[in-house]
Every structure is written in C-alpha cells, then in structure tokens.
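Chemist: Sequence first, predicted model second:
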Amino acid sequence: MGICASSQILYTTNYKAGRMRLKGPVTAQIIHLDGRLEELKQPLKAAQVLSRTPNCFLCSSESMFIGAHPPQLGPDDYLQLGQIYFLLPLSHSRAPLSLPDLCALAIKASSALSRSSCRGSIGIYGFQGHCCKVPMLDISSVDRGNRRIEL
C-alpha cells in the first residue's frame, strides 16, 4: 500500500551451524472483505479468484496510494507469489483512497497475517520448529555497521 512492502520472509535457524537461513515467500495472499486470508500456492489468473466473489475486484497492495483510485487487476493478470492482494467491492473502484481507507486495509491485512503466522505462511521459527511472534519495531530506518537500511 504505497510505502508498505508486502513481501514476507521466513527466518529459520540452523542451530548446529549457528546461522540464519532466509526463505522467500511461497504464496500469493488475498485479504477478503470479511478479513479472511486466502493463500495461493501457485499463480492464478485474477478471473479465477473473482469468479467466486461477484461484485468485487482485486487490487495489489503495492499499487495503493492515498488520493489515487485503487487499480484493478485485469481478468488475465496473474496473482504473483509473495504479494498481498485485497478483494474490494466494485463500488470502491471509483473513489480515491484516503488515509483512513489505507489504514483500515493495513489493519485488516495485519490481523489476517498474524492469525496465519503459526500455520507456516509467515513467522519466525525457533527451537524444534515452534512458531514465535516477534514484536515489530516502529522505526523508519536502522543503522547496520556502515550501512543504513531504510524500512
């Protein structure tokens, strides 16, 4: 949603080697109107998802900005793995997004993703594969050695 990144990273620890291994996202994630999360393990065309949800359209979280109309995915567009998509009512397609709109969608996505985090879609896995929830820091950048990382 504009400045928000939708890609998720799984962190797994190899305790014998003492190293962290990064594993990329494996699903396309759809946030439904009711806040339910649907995860797709393979790319599907938007038309396949929309056939189950009349009077809705799909929008990528990466292309949502304050003051802009939410761009609709075309029926032949494929949902990309590692991306978050929102199902929105067609009635919202003609109105520009406001800050409260984007905040409400971010909260809905955060809630849906946190409910699924211990089912293997996202999260940090600790000793013996148990899922741990880690609090997010409210910062805009982090200094790491000689590099500055913008979040």
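Modeler: Right, received. Where do you want to start? Numbering: from 1, shown residues only.
Chemist: Where does pLDDT dip in the protein?
Modeler: For the chain, residues meeting the criterion pLDDT under 70 lie at 1-25, 117-151.
Chemist: Can you list the residue ranges for strands in it?
Modeler: Per DSSP state E, the chain carries strands over the ranges 10-14, 19-23, 28-31, 37-40, 56-60, 84-89, 123-125, 131-132, 141-144, 147-150.
Chemist: helices or strands next to the longest one in the packing?
Modeler: Right, strand 84-89. When contacts are defined as 3 or more Cβ pairs under 8 Å, 6 or more residues apart in numbering; DSSP states H and E, strand 84-89 sits against strand 28-31, strand 56-60, helix 99-116. (Each C-beta comes from the backbone N, C-alpha and C, glycine too.)
Chemist: Put the alpha carbons of the longest one into CSV.
Modeler: The one in question is helix 99-116. Taking only C-alpha atoms (Å, rounded to 0.1, in the frame of the first residue of the first chain), the coordinates of helix 99-116 have been written out as CSV:
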residue,chain,number,x,y,z
LEU,A,99,-5.5,7.7,4.6
PRO,A,100,-8.2,6.1,6.8
ASP,A,101,-9.1,3.7,4.0
LEU,A,102,-5.4,2.6,3.7
CYS,A,103,-5.1,2.3,7.5
ALA,A,104,-8.2,0.1,7.7
LEU,A,105,-6.8,-2.1,5.0
ALA,A,106,-3.4,-2.3,6.7
ILE,A,107,-5.0,-3.3,10.0
LYS,A,108,-7.2,-5.9,8.2
ALA,A,109,-4.1,-7.4,6.5
SER,A,110,-2.0,-7.3,9.7
SER,A,111,-4.8,-9.1,11.6
ALA,A,112,-5.2,-11.8,8.9
LEU,A,113,-1.5,-12.3,8.5
SER,A,114,-0.9,-12.6,12.3
ARG,A,115,-3.7,-15.2,12.6
SER,A,116,-2.0,-17.3,9.9
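Chemist: got the angle between it and strand 56-60?
Modeler: Angular relation of helix 99-116 and strand 56-60 on a 0 to 180 degree scale: 80 degrees, by axes from the mean of the first three to the mean of the last three Cα atoms, to 10 degrees.
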